[in-house]
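# Predicted structure and sequence below. I'll ask about it afterward.
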Amino acid sequence: MPIRNLLPSTFIFCLVILACCTPASLCRARQVIDIDITDATIKKINFAVPYFVDKNKPEQVHEVGQSMADLLARGLEFHGFINIIAPEEYGGGQEQNWRMLGADYAVLGKYVNEGARLVLELRLIETNSGRMLMGKRFRDTWPKKRQMILKFCDEVIYKITGKQGISSSEIAFVSDGTGHKEIYLADALGDDIRQVTRHGHLAITPRLSPDNSKLTYTSYHKGNANLYLVDFKKSSHLTRAISRRKGINYAPAWAPDSSYLVVTLSKDGNPDLYKMRLDGTIIKRLTVNAGINVSPTFSPDGSQIAFVSDRSGDPQIYTMDLDGNRTKRLTYQGNENTTPSWSPDGEWITYTGRGDDGYQIYKIKAAGGTPIQLTASWGSHESPTWSPDSRQIAFTRTRNGESRLCTITSDGQWLRQLFVLNGNQTSPQWSQRLNFY
């Protein structure tokens, strides 16, 4: 079977609400309420995020205060279970009866301009009691205001759910908006979009390191499918080839500690999996001529990989220990299952499966079991990738020849398009959270 058949064609979790306990003797004990937020009938949590106020001119509404509040609101809403009460409904001011407006929480922001520096104070208010649940004060240069706000956003999500938010994450992807497929990076909200490669040729399969410091991709601009590494910590984002072996050097998986890769090489004829150092040195061959082996993805603890192989005749998902032994077939349903992605919590593997309704997104327990179909709408749905909190999945949806990046919750609800760019966007890969502060 040709290798292209194994590659992309284009390429009840619970919300935990922490009720605050006022007596110190309770040692901040928490009451836990479980809500299945993947149920479309469940009411979302209402937040009010009024315009941020300049402490030196509190009587005026400034554009910068509006834009900062809007960014925080969008970051909260991005998580899927939060509804933002539009500031236009109450004039955007901070002196409101939030309970009467229907808000469960309010975030109040004040800022001071200290020349080149911004001092930003943010508070999370629980409207039922009127108590401040959390407050943060940031002082940094003005260009860092976005990082301040997204950091606070993720802290708010942690405060009310017990799990860090994901607005401070990024997504790598491929776009052909320039006329050639190049690698791009965007923050999760789609605001800060940067073109990483400028080969003017075919660049595919971006893979971000877990520490967010590096990115690998495969490019054909030298005539062969060579593997490249971008080091974001080096000046001018140093790019270097790490494998130019004859044949394909393709789609590596990063070890959880970012110290090495598992990559597909066909240097000896058959596409097989190899452990490789970041300088391109091969550590160990993991598969030997047992069909075509591609698309590795690590378990969070680094002890296993899932991958695609056609050793049984059709492309299916397998798991394997990192010593190359104890290989297990995971999928049996369908005759083409590809592009696995292991969830950060270790529970699930999502993948692309082809059925009677075309290419759709499925998930299966990492230990095996019955697959669950997550998408069912028309068009092709491919190349899934998990958010850092294991609550959302990004993927490529293609309709009428146009490919866009979309997300769903881990149970297939709330499908939405991420952002709009010229050309087609494919092959997303979600980063871990960036460490802003």
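Happy to help now that I have it.
# per-residue confidence for I35?
Predicted confidence (pLDDT) for I35: 42.
# Just give the nearest non-adjacent residue to P300, would you?
Using CB to CB, 6 or more residues apart in numbering and skipping the chain neighbours, the partner closest in space to P300 is G346 (4.7 Å). Quick note: C-beta positions are derived from backbone N, CA and C, even for glycine.
# Is that neighbour in a helix, a strand, or coil?
Here G346 is coil, with the state taken from DSSP: H, G, I helix; E, B strand; the rest coil.
# Which residues are in contact with it?
Neighbour list for G346: S299, P300, D301, A366 [criterion: CB atoms under 8 Å, 6 or more residues apart in numbering].
# and if we set it to 10 Å?
By CB atoms under 10 Å, 6 or more residues apart in numbering, G346 lies in contact with S299, P300, D301, S303, Q304, A366, A367, S390.
# Can you give me the pLDDT of it?
At G346, the pLDDT recorded in the model is 98.
# picking that back up, show only the entries of the contacts of G346 found in helices.
The subset of these located in helices under the criterion DSSP state H is empty.
# Put the buried members of the residues you listed into a PyMOL selection.
In PyMOL syntax, the buried subset of those is picked out as below (16 or more other CB atoms under 10 Å):
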select buried, resi 299+300+304+366+390
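# which two in the contacts of G346 are spaced the farthest apart?
Maximum pairwise distance in the contacts of G346, criterion CB to CB, is 17.9 Å, between S303 and S390.
# Helices along the chain, start to end?
For the chain, applying DSSP H gives helices covering 63-77, 98-101, 145-161.
# Which one of these lies nearest to G91?
Counting by CB to CB, G91 lies closest to helix 98-101 out of these; the figure is 10.9 Å.
# Residues contacting the closest one, please?
With contact meaning CB under 10 Å, 6+ apart, helix 98-101 is reached by 46-48, 50, 85, 89-90, 104-106, 108, 125-128, 130.
# tell me which of those is nearest to I193?
Checking the contacts of helix 98-101 against I193 by CB to CB gives F47 as the nearest, at 26.1 Å.
# if I read this right, the closest one contacts V107, doesn't it?
Yes: using CB atoms under 10 Å as the test, F47 is close enough to V107 to be in contact (6.8 Å).
# residues bridging contact with these two, i.e. touching both?
The contact sets of F47 and V107 overlap at L72, A73, L76, I84, L124, V156 (CB under 10 Å, 6+ apart).
# Taking these, tell me the two that lie furthest apart.
The distance between the two most remote of those (CB to CB) is 14.2 Å, for I84 and L124.
# rewinding a little: of the contacts of helix 98-101, which is the nearest to K136?
Using CB to CB, L108 is the member of the contacts of helix 98-101 that sits closest to K136, with 11.6 Å.
# Does that closest one touch V53 like I think?
Yes: L108 sits in contact with V53 when judged by CB under 10 Å, with a separation of 8.1 Å.
# Give the residues shared as contacts by those two.
A69, Q94, E121.
# Dump these to a markdown table, plus pLDDT and neighbour count.
Output for the shared contacts of L108 and V53, formatted as a markdown table (pLDDT from 0 to 100; neighbours: other CB atoms under 10 Å):
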| residue | pLDDT | neighbour count |
| --- | --- | --- |
| A69 | 98 | 24 |
| Q94 | 96 | 19 |
| E121 | 98 | 17 |
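# Kindly reformat those residues as JSON lines containing distance to L330.
Shown next, in JSON lines, are those (distance: CB to CB, whole Å):
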{"residue": "A69", "distance to L330": "46"}
{"residue": "Q94", "distance to L330": "52"}
{"residue": "E121", "distance to L330": "50"}
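# in stretch 264-274, what's buried?
Burial within stretch 264-274, assessed by neighbour count using 16+ other CB under 10 Å, is assigned to T264, L265, S266, P271, D272, L273, Y274.
# Pick the one among those residues closest to Q195.
T264 (25.6 Å).
# isn't the closest one right next to Y274, touching?
Yes: applying CB under 10 Å, one finds T264 in contact with Y274, separated by 7.8 Å.
# Name the residues contacting each of the two.
Residues touching both T264 and Y274 by CB under 10 Å, 6+ apart: N249, P252, T287, N293, P296.
# Only whichever of the residues you listed are buried, select them in PyMOL.
Selection of buried members from the shared contacts of T264 and Y274 for PyMOL, criterion 16+ other CB under 10 Å:
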select buried, resi 249+252+287+293+296
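# What about the residue nearest to W414 when sequence neighbours are not counted, how many residues nearby?
Of all residues beyond its chain neighbours, the one nearest W414 is G80 (5.4 Å), with distances taken as CB to CB, 6+ apart. Applying other CB atoms under 10 Å, we find 18 other residues in the vicinity of G80.
# go on, D140?
Neighbour count for D140, taken as other CB under 10 Å: 16.
# Specify the beta-bridge partners of F298.
I305 (DSSP bridges).
# what does V263 give?
Assessed by DSSP bridges, V263 has beta-bridge partners Y274.
# Pull the number of nearby residues for it.
Counted with other CB under 10 Å, the neighbours of V263 add up to 28.
# low-confidence ranges in the stretch 251-400 of the chain?
Applying pLDDT under 70 to the stretch 251-400 of the chain flags residues 324.
# If we use 90, what do you get?
289-290, 323-325, 355-357 (pLDDT under 90).
# what ranges do the strands span in it?
Counting by DSSP state E, counting those that start in this stretch, the segments of the stretch 251-400 of the chain that form strands are 260-265, 272-277, 282-285, 293-298, 304-309, 316-321, 328-329, 337-342, 348-355, 358-365, 372-373, 380-386, 392-399.
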